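> here's my sequence, what's the structure:
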Amino acid sequence: MKINSAAVQSKGVLLVDDHPLFREGVKAIINRSRKYCICCEAGTSSEAMLVVESEKPELAIIDINLPDYDGIRLSEELLDVYPDLKILIVSMTTQVEQIAASFQAGVTGYMNKISASGELIKALDATDAGQFYLDGTVSKDVAEDFFMHRKSMSDGSYSELTPREREIMQLLARDYSVKEVAERLFISPRTVENHRSNLMRKLGLKSTIEFIRYAFKQGLIEL
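Numbers count the residues shown, from 1 in each chain. Predicted coordinates:
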């Protein structure tokens, strides 16, 4: 569903949740802000994939529990096509497995639905800045478990990459050009470049030589 907005200077936000009443509440909060506006909304993951193509939002607020398939999978699919999109997950779930899976999918922020309304703009600000965000309603024990999990997954871990990033890394490491990768995966060269930048940042790689060495260590290529 497309939403017209007069706030031309505001950053467009995609809102995905299957409860119209919740969407109305979020829109009321967001549209009071001069920084953001809800430019499109959806009640299912499938609908979200359709509206985002025409509206090109800069951020997304996505619920985990959706009627067709969950918000974590939706986040992965969106980031495969729009790697610059910044995603804030909202959910009633505070299980460490769900939180970890969300961040592993590439989202930037995770917020509990029971958080105070004022936290939403704070969460969007952090997400927009590309800063990791986990709101304060998550219990101390869950937060500690998550940070331990995150630490074990960090330090340049190949498992941090999304499936699309791994696919692109394998092709680039095998000496496919950006144009050839784009044609093979039916995406634009710019999208390939964005994925390459993201995966090199995640892995802490600074040069093409480091990229090739890392790919070799992972068994992606033979020298």
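> quickly find the element holding the residue sitting nearest the centre point of the chain.
Centroid-nearest residue in the chain: Val107, 3.1 Å away (criterion: C-alpha atoms, centre = their mean). Per DSSP states H and E: Val107 is located in neither a helix nor a strand.
> in three-state terms, label the nearest residue to it once chain neighbours are set aside for me.
Spatially, and ignoring its direct neighbours in sequence, Val107 is nearest to Ile87 (4.2 Å; C-beta to C-beta, 6 or more residues apart in numbering). From N, CA and C alone the C-beta is placed, and that goes for glycine too. Three-state call for Ile87 (DSSP: H, G, I helix; E, B strand; the rest coil): strand.
> now do the helices in this protein.
20-31, 45-55, 71-81, 96-104, 118-128, 140-153, 163-173, 178-185, 189-203, 208-217 (DSSP state H).
> and those helices: which comes nearest Ile38?
Minimum separation from Ile38 across the helices of the chain (C-beta to C-beta) falls at helix 20-31, 4.9 Å.
> residues of the closest one that come out buried?
Residues 23, 26-27, 29-31 are the ones in helix 20-31 that count as buried (16 or more other C-beta atoms under 10 Å).
> looking at the residues you listed, which gets the smallest pLDDT?
Lowest pLDDT among the buried residues of helix 20-31: Asn31, with 83.
> let's have the buried residues of helix 20-31 in a markdown table, adding distance to Ala60.
Converted to a markdown table, these look like this (distance: C-beta to C-beta, whole Å):
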| residue | distance to Ala60 |
| --- | --- |
| Arg23 | 13 |
| Val26 | 12 |
| Lys27 | 14 |
| Ile29 | 16 |
| Ile30 | 12 |
| Asn31 | 16 |
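> which one of these is nearest Glu210?
Nearest member of the buried residues of helix 20-31 to Glu210, counting by C-beta to C-beta, is Ile30, at 40.4 Å.
> number of nearby residues for the residue nearest to Val107?
Neighbour count for Ile87, taken as other C-beta atoms under 10 Å: 26.
> any idea what it is bridged to?
Taking DSSP bridges as the rule, Ile87 bridges to Ala60.
> contacting residues for it?
Ile87 is in contact with 59-62, 75, 78-79, 106-109, 127, counting by C-beta atoms under 8 Å, 6 or more residues apart in numbering.
> where is pLDDT lowest across the residues you listed?
Within the contacts of Ile87, Gly106 has the lowest pLDDT, namely 83.
> ok, now how distant is the closest residue to that residue other than its chain neighbours from Ser115?
Spatial nearest neighbour of Gly106, chain neighbours left out: Leu79 (4.5 Å); criterion: C-beta to C-beta, 6+ apart. Separation of Leu79 from Ser115 (C-beta to C-beta, to the nearest Å) stands at 24 Å.
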